[in-house]
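Asker: give the three-dimensional model of this entry:
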Amino acid sequence: MFITGTFTVELNPQQDAMKGKDGIELNRLAISKTYHGDLDATSTGEMLSAVTPVKGSAGYVALEQVSGKLDGKTGTFVLQHYGVMDNGGQTLQIQVVPDSGTGELEGLTGTMAIIIDEGVHRYEFNFGVRETQGWT
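Answerer: As a prediction, this is how the structure comes out:
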């Protein structure tokens, strides 16, 4: 299945972030999101980022646990993020952590894309369930 929608996000720096060396910033941030659309949910999580002195080059990893309704089914699942910026070019992979789905979302699989256009955050979510699960 494929769905789209919008979301809002808050990133709050954590005081116990590591200090980088040689101009590298190492950051730890708390994530809080609210998803709208066929994914009607909230999430919390953590992000680790490394920002280099070169404008447009950085990397981040994150985990967020999503809780709410997906296509009318209730439960939770975890998204894992891996993002790299290379001199302004971007690569981002977001995937459902295998076997992280609970409740009616047990067996959930999928990948998500994030699109930011004029300050509006949108998601595109391709998802399914393991063949052995099957949603009813």
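
Asker: let's verify the most far-flung residue of the chain relative to its centre: helix, strand, or coil?
Answerer: Here the centre of the chain is the reference, and by C-alpha atoms, centre = their mean the most remote residue is residue 22, at 29.0 Å. For residue 22, the secondary structure call by DSSP: H, G, I helix; E, B strand; the rest coil comes out as coil.

Asker: against residue 53, how distant is it?
Answerer: Residue 22 sits at a distance of 8 Å from residue 53 (criterion: C-beta to C-beta, to the nearest Å). All C-beta spots, glycine's among them, are computed from the backbone N, C-alpha and C.

Asker: hang on, isn't residue 82 packed against residue 63?
Answerer: No - checked against C-beta atoms under 8 Å, the pair residue 82 and residue 63 is beyond contact range at 10.6 Å.

Asker: in this protein, where is pLDDT below threshold?
Answerer: Judged by pLDDT under 70, the chain has its weakly predicted residues at 17, 132-136.

Asker: list the residues that contact residue 124.
Answerer: Residues in contact with residue 124 (C-beta atoms under 8 Å, 6 or more residues apart in numbering) are 2-4, 112-113, 115.

Asker: just residue 120 next, same as before
Answerer: Under the criterion of C-beta under 8 Å, 6+ apart, the contact list for residue 120 reads residue 6.

Asker: understood, closing this out.
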